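K.L.:
Turn this into a model:
(4 chains)
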2 protein chains.
Amino acid sequence: MTRWLDEEEQQTWRSFLSATQLLFDQLDRELQRDAKIPHAYYEILVRLSESEGRTLRMSQLADSTLSSRSRLSHAVSRLEEAGWVERKSCPTDRRGQLAVLTDKGFAALEAAAPGHVEGVRSHVFDPLSQEQRAALRDISETLLNPLVSERKAKGQSAGAAEL
Amino acid sequence: MTRWLDEEEQQTWRSFLSATQLLFDQLDRELQRDAKIPHAYYEILVRLSESEGRTLRMSQLADSTLSSRSRLSHAVSRLEEAGWVERKSCPTDRRGQLAVLTDKGFAALEAAAPGHVEGVRSHVFDPLSQEQRAALRDISETLLNPLVSERKAKGQSAGAAEL
DNA sequence: CCGAATCAGTTGAAGTCTCAACTTGTTGGC
DNA sequence: GCCAACAAGTTGAGACTTCAACTGATTCGG
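P.N.:
I've put the predicted structure just below:
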């Protein structure tokens, strides 16, 4: 009954797995070395830096970083210890918490960003032709929608709206 | 000096990040639910099952799963506790260790594989057109080589030969 | 308005991964 | 042969993630 992968699909899948694995390992290692944070934490800083008042509700931040609430809570605690983020209680909903990027956190992000962008460029965009870049975007967007739906179904709350 | 990403590149990168993140999260969750192991452990079982005598040197196994030696060592210890893998000392090099897939481990892999393949199919291949599949393979292989070189340079020993 | 269901967020434990240090065995130059 | 470099693997500590259980606040049907 199982629809096994044929030779061609097998090759595709293994190349894809290897490439993504090596890519994220590499970017993570660079970020860890240069900025002392994992990529997931970098993403948190980026989202906050792009938000009104450098502030976001915990749940919005979790959704926009594709993170579980639990993971985010731990991560923000960690970033708080580093003095890069602060928690404030939400004025309109006493359950809510706001995460605010501090000046120190913003400075850390500014310091980390150029190196990280350079990494993305050199490991992803530089090796690809213009056609390949377009195809990569097209493929990624095609895969994205069903995955987001599935995730929502599983109860992970709102959708990854602003990606 | 920084070569920032333009709007188009930004979109591509974020879609790619989201899609891969959601994809691997999903596959991992399915595997954890159905087979009680993370995807990295599944990969180990697959490599062993494909090897002569269901046996591989630790270092070869580490290379072929793109895993650090340390990570592999921990993982094999865990799989050994489960009775799915056994360690034997290598006859030709007293430093070496062989990892051997047990019958029980093979059975576990046989039980897990159909569900996992179905997941890969439904989340990756089914949504893509034939052209997109070809492009995905092409892109993955393009990205792979430089990453493998970089990894080797960093001292991670031999190359990911048989992917 | 009151209680059940739901929502926002946190917590602690258990699992995995990384990093650096370490043990043991091999090899190559002298 | 011998000792310094190197290779194979392991180990333990610390960091991150997941999962399930939990607290407290909000909402909505009756």
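K.L.:
Could you list every helix and strand in contact with the longest helix seen in chain A?
P.N.:
The single longest helix within chain A, with elements called by DSSP state H, is helix A:7-35. Using 3 or more CB pairs under 8 Å, 6 or more residues apart in numbering or on different chains; DSSP states H and E as the contact criterion, the secondary-structure elements in contact with helix A:7-35 are helix A:39-49, helix A:103-120, helix B:7-35, helix B:130-153. Just so you know, the C-beta spots here come from the backbone N, C-alpha and C atoms, and that holds for glycine as well.
K.L.:
looking at these, which is buried most?
P.N.:
Counting by mean count of other CB atoms under 10 Å in any protein chain shown, helix A:39-49 has the highest mean neighbour count of the helices and strands packed on helix A:7-35, with a mean of 21.
K.L.:
pLDDT (mean, whole number) over that helix?
P.N.:
Averaging pLDDT along helix A:39-49 yields 98.
K.L.:
Low-confidence stretches in chain A?
P.N.:
Residues of chain A that meet the criterion pLDDT under 70 lie in A:154-163.
K.L.:
Compute the number of surrounding residues for the residue of chain A found nearest DNA strand C.
P.N.:
Per CB to the nearest atom of the strand, residue A:59 is where chain A lies closest to DNA strand C, at 2.8 Å. Neighbours of residue A:59 under the rule other CB atoms under 10 Å in any protein chain shown: 15.
K.L.:
Torsion angles phi and psi at it?
P.N.:
Residue A:59 has phi and psi values of phi -70, psi -40 when expressed as degrees, to the nearest 10.
K.L.:
how near is the closest residue in space to residue A:67 that isn't next to it in sequence to residue A:81?
P.N.:
Using CB to CB, 6 or more residues apart in numbering or on different chains and skipping residues adjacent in sequence, the residue nearest residue A:67 is residue A:40, 6.8 Å away. Distance check for residue A:40 against residue A:81: by CB to CB, to the nearest Å, it reads 16 Å.
K.L.:
Kindly report the same for residue A:2.
P.N.:
48 Å.
K.L.:
Then residue A:33?
P.N.:
Relative to residue A:81, residue A:33 is positioned 20 Å away (criterion: CB to CB).
K.L.:
Also residue A:74?
P.N.:
Computed as CB to CB, the residue A:74 to residue A:81 distance reads 11 Å.
K.L.:
Who has more neighbours out of the two?
P.N.:
With neighbours defined as other CB under 10 Å, residue A:74 and residue A:81 compare such that residue A:74 has more, 12 against 9.
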